[in-house]
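Peer 1: below are the sequence and a predicted model; questions follow.
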Amino acid sequence: MEISLLAMDLDGTALLDDHKTFTPRLYDALAAAAQKGVAIVPTTGRQYAMLPPAVRTGADWEDLCVLCNGGEVRRLRTGGLLEAHYIGADAARQVIEITARLGLSVELSAGGLLYLTQESWDMQREHEDCLRFHLSNILTVRGRTVSSLEEVLRQPGLALDKVNLPYIPEALRAEVEALLKNAPVSFAWSSPHSVEITHSQATKANGMLAACRILGVDPARTMAIGDSGNDIPMLRAAALGVAMGSAPQEVKDAADAVTASNMEDGAAMAIERYILGMQ
């Protein structure tokens, strides 16, 4: 099967554990795939402002990116917005009510910033062992303390791309899922303890299909690589879904193939095998 578009997750898949860089082997594989005419589309839960240096190198393949788990499709170099699905204020309020009932930390993501109350900050610090990267690398730069989330929801023209629940105790996991299934949103586990909530139409699968429409690519010629729960819809929707070796079993079960982990050049290996035809 000839692949024309690669939807590639970033954290835990393409990026090393520093969450910033690719290996030289992956850069070479991406360049070779692009030379074959394959569109490379980073597909991530991150916001545009939080994209890592690895996808801002000026490489020829840097064109489109799918952000916020499908909430946005943008031009990678300029940030130009091509398609968006934002969460409405009423849907966000339903999610906030759920978190208040269960005593969970919650963040509202909009405009490259994360809005949260001091109470939510404090709750996250109680789980610093699990949230160290988020606390030290994301919230310290992008976090904004507000007296209430309602004041954020009342901002004119708010483009609310995600609602994050950074830490959910294992004992509450099933209850959170049940409550969110009854809310008018999409949600996915981005790690064993965190959930990302988006517009009901915002999934990585729909983001990948939007990129196909924009680029004129047949979805039957797509490949996706990912490692987390938010990648499952994309892995299932792609003609060829590849899970990372470090992925949870439910992610591997959703894929057609499994490669090595991100720290073992698994993404590069998958591109070499399935796109470049190397053994």
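Peer 2: Done, it's in.
Peer 1: which SSE is the most centrally placed residue in the chain in?
Peer 2: By Cα atoms, centre = their mean, the chain has its centre lying nearest to residue 45, at 2.0 Å. Following DSSP states H and E, one finds residue 45 outside all helices and strands.
Peer 1: could you do residue 161 as well?
Peer 2: Using DSSP H and E, residue 161 maps to strand 160-165.
Peer 1: repeat for residue 31
Peer 2: helix 24-35.
Peer 1: and what of residue 207?
Peer 2: Assessed by DSSP H and E, residue 207 sits inside helix 204-215.
Peer 1: list the helices and strands that helix packs on?
Peer 2: Under the contact criterion of 3 or more Cβ pairs under 8 Å, 6 or more residues apart in numbering; DSSP states H and E, the helices and strands touching helix 204-215 comprise strand 5-8, strand 39-42, strand 64-67, strand 72-75, strand 81-84, strand 222-226, helix 232-237. Where C-beta positions appear, they are placed from N, C-alpha and C, glycine not excepted.
Peer 1: would you turn those into TSV with mean neighbour count and distance to residue 262?
Peer 2: Compiled in TSV, the helices and strands packed on helix 204-215 are given as follows (neighbours: other Cβ atoms under 10 Å; distance: least, Cβ to Cβ, whole Å):
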stretch	mean neighbour count	distance to residue 262
strand 5-8	28	11
strand 39-42	24	14
strand 64-67	27	18
strand 72-75	21	24
strand 81-84	15	28
strand 222-226	28	10
helix 232-237	23	16
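Peer 1: distance to residue 117 and mean pLDDT added to these, as TSV?
Peer 2: Shown next, in TSV, are the helices and strands packed on helix 204-215 (distance: least, Cβ to Cβ, whole Å; pLDDT from 0 to 100):
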stretch	distance to residue 117	mean pLDDT
strand 5-8	35	98
strand 39-42	31	98
strand 64-67	25	98
strand 72-75	25	98
strand 81-84	26	98
strand 222-226	32	98
helix 232-237	31	98
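Peer 1: of the ones you listed, which is nearest residue 158?
Peer 2: With respect to residue 158, and counting by Cβ to Cβ, the nearest of the helices and strands packed on helix 204-215 is strand 81-84 at 12.4 Å.
Peer 1: helix or strand with the lowest mean pLDDT in this protein?
Peer 2: The helix or strand of the chain with the lowest confidence, counting by mean pLDDT, DSSP states H and E, is helix 128-133 at a mean of 89.
Peer 1: name the residues of it that are buried.
Peer 2: Using 16 or more other Cβ atoms under 10 Å as the test for burial, helix 128-133 gives 130, 131.
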